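Colleague: Next one to model:
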Amino acid sequence: MRILSNLLILCLLGFAAHTANAQTSSSPLMLNHIAIYVHDLGPSTAFYKDVLQLKEIPEPFHDGRHTWFTIGDAGQLHLIQGAEKNIKRDKNDHLCFSVASMEDFIANLDKHKVAYTNWPGTEKAPTIRVDGVKQIYFQDPDGHWIEINNDRPGK
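Modeller: Residues are numbered from 1 along each chain as shown. Here you go, the predicted model:
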């Protein structure tokens, strides 16, 4: 009887593991990280840390060519040194982050002397989308475009 009981427990554990694995393999994709190729890691790291106020996290390479940041539930942002200098970037190709207070974020941009525009390019003016969301755009030290908006759940 004890052998049958143990076999039943093993079968149930195996079924539970198989079911959990089947659920995991059919789950939708989840963002793990975004990698940005930069020319000079020092200024880019300072920009993402000070201007975007992202929290730096440990990176496994320890080679002086990588900086990793957490971007919350969305995953991580990885900066990788080695890109050519002065690559022209199109505004349509951008990262977007949402903030609770556009005014506070803009004050931080002003403090760091980072110029920002609306979508058409008017300086120091947000775009207001048809749904009321405010957006601004600026570039990191390598010219990568960044959008900041106030589109937050439950606002």
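Colleague: Report pLDDT for V99.
Modeller: Looking at V99, its pLDDT is 97.
Colleague: pretty sure it contacts N150?
Modeller: Yes - judged on Cβ atoms under 8 Å, V99 makes contact with N150 at a distance of 6.2 Å. Quick note: C-beta positions are derived from backbone N, CA and C, even for glycine.
Colleague: low pLDDT regions in the protein?
Modeller: For the chain, the stretches with pLDDT under 70 are 1-25, 155.
Colleague: Could you chop it up by domain?
Modeller: For the chain, the structural domains run 1-29, 31-87, 88-155, going by automatic domain parsing.
Colleague: now the end-to-end length of stretch 79-92.
Modeller: This stretch, stretch 79-92, spans 20 Å end to end (Cα to Cα, to the nearest Å).
Colleague: Give the buried residues for it.
Modeller: For stretch 79-92, the neighbour count (16 or more other Cβ atoms under 10 Å) marks L79, I80, Q81, A83 as buried.
Colleague: got it, and stretch 61-79?
Modeller: Within stretch 61-79, the residues that count as buried by 16+ other Cβ under 10 Å are H66, T67, W68, F69, I71, Q76, L77, H78, L79.
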